[in-house]
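Student: sequence and predicted structure below; questions after.
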Amino acid sequence: KGFLLTSSHVVSNAAQVFVQNNKGQDFRADIIYNDESRDLAILKINDEDFRPLTNLPYGIRKSASELAEPIFTLGFPKDEIVYGEGYLSAMTGFKGDTMSSQITISANPGNSGGPVLNKNGEVIGMLNARQTTAEGVVFAVKLQHIFRTIDDFRKIDSIQNIKLSTNSNIRGMERVQQVKKIEECVYMVKVVMK
């Protein structure tokens, strides 16, 4: 339906927001909810040229992730989508932050706001930071906080009907095939600053 989730810090101080799909098409988007405390923002594509997908290929995992669980990410640290692979390395984030978990993966500016997925093609979090003093130490907002942000948004705007599917249509597929399906759903966020 054109709803996207990204990191709040990606869109802070934005005068305008555009998102670009994997085909290079740009669409105007609005920030409809900003949760700075969890570093999450909900965007809505508001462009007549946008055509939403009928079904999302990935699911949203309801249960907690496991230490050492293999994960992968998709993001835009450059002008094309970039794949990363690693594992869940700690159940807490920077200095014991319980809202995030630590993942061991390569990440650069531009990866923030990208999904963190498990081998079944289920989103388990969202990449939001990296530790600059260490190699491969990256943090992701835990899924429970994404659910809380969406629930908070629903309380103030019950007209917008955001549904999260727990069914992954790409479970059991080879990773290359999973990525081909998911990359249609990952957008580069472009910000025009105030």
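Tutor: Here it is on my side, so go on. Numbers count the residues shown, from 1 in each chain.
Student: skipping adjacent residues, who's closest to Tyr58 in space?
Tutor: Closest residue in space to Tyr58, ignoring its immediate chain neighbours: Gly121 at 4.9 Å, by CB to CB, 6 or more residues apart in numbering. Quick note: C-beta positions are derived from backbone N, CA and C, even for glycine.
Student: the one you found: neighbour count?
Tutor: Applying other CB atoms under 10 Å, we find 24 residues neighbouring Gly121.
Student: with the one 10 residues further on instead?
Tutor: When neighbours are counted by other CB under 10 Å, Gln131 registers 14.
Student: which parts of this protein are helices?
Tutor: Remark: helices assigned in the chain by DSSP state H are 8-11, 143-156, 175-182.
Student: can I get the CA coordinates of stretch 174-189 in PDB?
Tutor: Output of stretch 174-189 as PDB, limited to C-alpha atoms (Å, rounded to 0.1, in the frame of the first residue of the first chain):
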ATOM      1  CA  GLU A 174      17.700 -20.400  -2.600                       C
ATOM      2  CA  ARG A 175      19.100 -17.100  -1.300                       C
ATOM      3  CA  VAL A 176      19.600 -15.700  -4.800                       C
ATOM      4  CA  GLN A 177      15.900 -16.300  -5.500                       C
ATOM      5  CA  GLN A 178      14.900 -14.800  -2.100                       C
ATOM      6  CA  VAL A 179      16.900 -11.600  -2.800                       C
ATOM      7  CA  LYS A 180      15.300 -11.300  -6.300                       C
ATOM      8  CA  LYS A 181      11.900 -11.300  -4.700                       C
ATOM      9  CA  ILE A 182      12.700  -9.000  -1.800                       C
ATOM     10  CA  GLU A 183      14.700  -6.300  -3.600                       C
ATOM     11  CA  GLU A 184      11.400  -5.100  -5.200                       C
ATOM     12  CA  CYS A 185      10.300  -4.100  -1.700                       C
ATOM     13  CA  VAL A 186      13.500  -2.300  -0.600                       C
ATOM     14  CA  TYR A 187      13.700   1.400  -1.500                       C
ATOM     15  CA  MET A 188      16.500   3.900  -1.400                       C
ATOM     16  CA  VAL A 189      15.400   6.900   0.700                       C
END
